[in-house]
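>>> Kindly generate the corresponding structure for this input.
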Amino acid sequence: MSSPRQRRKLRTRQAVMDAALAMVRENGPHGLSLRAVAKRVDYSPAALYEYFGSKDALIGALCNEGMQRFDAALRSVPVDEDNPQAYFVQIGLQYIAFAEANPEHFRLMFDRIGTNTELHLGPPKETEQDTFWMVMAEAVRLNIAAGHFKVKQPGEEKAITLGLWQLVHGMAILQITMFRATGEKMTDLHIYNLKTLYDGYVAGNHFASNPTE
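Residues are numbered from 1 along each chain as shown. I've put the predicted structure just below:
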């Protein structure tokens, strides 16, 4: 059981992270500084270093928080072996919904992954950073096993997974940028586009040659 002091530290740490996320929402990540965050939470800049030693450490903590939420959101979609199409569509919708509900976390964590880590495209590893890859790979494997997606050459399963992920991620980015300004709910359009993507891969015309070579 944690002590009162430990609980206070956890509450303060979370208050700092919440303030930082609000600043990212208002001004973007480039407008974030430990001094500005300290001022917002009425805490001395020097004392704030007890919780985060640098701006990068604070952003890393926000990214980890986002990854945990993203992990929970994607894993909340039950695997449907009997209907792989429905599973793929629901994964896509959940992916986009998470981005729409958590745009600051979404942008921060993918920006950090793109600049600070090497994208893992081999067999999935059990890490939070690979959740989106693992879930999309599972959807692809189910569709290959059901005979819906045709694998014509070695490495194509990985290429299909990456291709679908790119397209779903692009839809999510549009939702939190251009579509966000309209205030419109685009769920029906997303479902239509996800099913259209799926049908294209079922047709087996997605690659003329092995793109992984």
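
>>> switch to C-alpha atoms for all contacts and neighbour counts from now on
Fine.

>>> Could you find the closest non-adjacent residue to Met171?
The spatial neighbour of Met171 that comes closest, neighbours along the chain excluded (Cα to Cα, 6 or more residues apart in numbering), is Ile96 at 7.0 Å.

>>> show me what contacts that neighbour?
Remark: with contacts taken as Cα atoms under 8 Å, 6 or more residues apart in numbering, Ile96 is in contact with 168-169, 171-172, 175.

>>> how does this protein divide up, domain by domain?
Structurally, the chain divides into domains by automatic domain parsing as follows: 1-53, 65-202.

>>> ranking those domains by mean pLDDT, which is last?
Looking at the domains of the chain, the lowest mean pLDDT belongs to domain 65-202 (a mean of 83).

>>> Single out the most deeply packed of the domains of the chain.
Taking mean count of other Cα atoms under 10 Å as the contact definition, the stretch among the domains of the chain with the greatest mean neighbour count is domain 65-202, which reaches a mean of 16.

>>> mind checking how far Arg107 is from Glu100?
For Arg107, the distance to Glu100 (Cα to Cα, to the nearest Å) stands at 11 Å.

>>> hang on, the earlier thing: kindly present the domains of the chain as TSV, with separate columns for distance to Ile59.
Putting the domains of the chain into TSV (distance: least, Cα to Cα, whole Å) gives the following:
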stretch	distance to Ile59
domain 1-53	8
domain 65-202	8
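
>>> Please name every helix or strand in contact with the longest helix that the chain contains.
Looking only at the chain and at elements set by DSSP state H, the helix with the highest residue count is helix 4-27. Contacting helix 4-27 under the criterion 3 or more Cα pairs under 8 Å, 6 or more residues apart in numbering; DSSP states H and E are the following elements: helix 34-40, helix 55-75, helix 103-116.

>>> Could you tell me the angle between the longest one and helix 4-27?
By that I understand helix 55-75. Using axes from the mean of the first three to the mean of the last three Cα atoms, to 10 degrees, the direction of helix 55-75 lies 90 degrees away from that of helix 4-27.

>>> name the helices or strands packed onto helix 55-75?
If you count contacts as 3+ Cα pairs under 8 Å, 6+ apart, helix 55-75 packs onto helix 4-27, helix 84-101, helix 103-116, helix 131-145.

>>> got a markdown table for those, with distance to Leu62 too?
Below are the helices and strands packed on helix 55-75 laid out as a markdown table (distance: least, Cα to Cα, whole Å):
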| stretch | distance to Leu62 |
| --- | --- |
| helix 4-27 | 7 |
| helix 84-101 | 15 |
| helix 103-116 | 7 |
| helix 131-145 | 17 |
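
>>> How about the contacts made by Ile144?
Contacts for Ile144 (Cα under 8 Å, 6+ apart) come out as 150-151.

>>> likewise the one 5 residues further on?
Shown in contact with Phe149 (Cα under 8 Å, 6+ apart): 140, 143, 201-204.

>>> mind putting those residues in JSON lines, distance to Leu189 included?
What follows is the contacts of Phe149, written out as JSON lines (distance: Cα to Cα, whole Å):
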{"residue": "Val140", "distance to Leu189": "22"}
{"residue": "Asn143", "distance to Leu189": "23"}
{"residue": "Tyr201", "distance to Leu189": "19"}
{"residue": "Val202", "distance to Leu189": "20"}
{"residue": "Ala203", "distance to Leu189": "21"}
{"residue": "Gly204", "distance to Leu189": "23"}
